[in-house]
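**Q** have a look at this prediction, sequence included:
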Amino acid sequence: VTEVYSPARVAQFANKHNLTPGHSIDIQCADDDGTPWDRSNSSKRNNLIQLVVDTKPTMIVGSPMCTMFSTLQNLNKNKDTPEHQQQLKEAISHVEFCITLYTIQIKNNRYFLHEHPRNATSWKLPAMTRFTTQMQTISC
């Protein structure tokens, strides 16, 4: 079990239940070169993709930040500010990156879990709706 956008939480749970914990990839965790796993950095993303390809985790748990997709964000009076728009753009890119990792899992007959609240607006992003539609097609 490898978790992305999360410090070691699921890995600890896996260990307690006789599952093999994998990597915990979070900004608070260092990668092999000792620097934080900043998934905003394209080289870190490439390293993470390679890590998934090489280690072949049975399950990936993706937990990209959901703050920008929360119900409370819909009430935000400052939604149209450049700062808010930039934060939203970054949040969308993290969800899209998780979809990339999930696609690797699917192509290799492995599993993933996307951890976002049911009412999060991220479920309505174009990339996510395409992905979930594609998943429905595969499961039929």
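**A** That came through, no problem.
**Q** can you report phi and psi for residue 114?
**A** Here is the backbone geometry of residue 114 (degrees, to the nearest 10): phi -100, psi 120.
**Q** who touches the least confident helix or strand in the chain by mean pLDDT?
**A** Lowest mean confidence among the helices and strands of the chain (mean pLDDT, DSSP states H and E): helix 10-16, at a mean of 78. The set of residues external to helix 10-16 that reach it, using Cβ atoms under 8 Å, 6 or more residues apart in numbering, is 1, 3, 20, 21, 22, 23, 24, 61. C-betas here are computed from N, CA, C, even on glycine.
**Q** chain center to it: distance?
**A** Here helix 10-16 is found 18 Å from its chain centre; the criterion is Cα atoms, centre = their mean, to the nearest Å.
**Q** tell me the helix or strand right after that helix.
**A** strand 24-25 (DSSP states H and E).
**Q** after that following strand comes which helix or strand?
**A** Strand 24-25 is succeeded, C-terminally, by helix 42-55 (DSSP H and E).
**Q** that next one - what's its average pLDDT?
**A** The pLDDT scores in helix 42-55 average 92.
**Q** shaky segments in this protein?
**A** Counting by pLDDT under 70, the ranges of the chain that qualify are 76-78, 138-140.
**Q** dump the least confident helix or strand of the chain to CSV, keeping only the CA atoms.
**A** Provided in CSV are the C-alpha atoms of helix 10-16 (Å, rounded to 0.1, in the frame of the first residue of the first chain):
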residue,chain,number,x,y,z
VAL,A,10,-2.3,4.1,5.7
ALA,A,11,1.1,2.4,5.9
GLN,A,12,0.8,2.2,9.7
PHE,A,13,-2.7,0.7,9.3
ALA,A,14,-1.4,-1.8,6.7
ASN,A,15,1.3,-2.9,9.0
LYS,A,16,-1.1,-3.6,11.8
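**Q** mind listing what's buried in it?
**A** With burial defined by 16 or more other Cβ atoms under 10 Å, the residues of helix 10-16 counted as buried are 10, 11, 14.
**Q** can you tell me the SS state at the residue nearest to residue 26 when sequence neighbours are not counted?
**A** Spatial nearest neighbour of residue 26, chain neighbours left out: residue 7 (4.6 Å); criterion: Cβ to Cβ, 6 or more residues apart in numbering. Under DSSP: H, G, I helix; E, B strand; the rest coil, residue 7 falls in the coil class.
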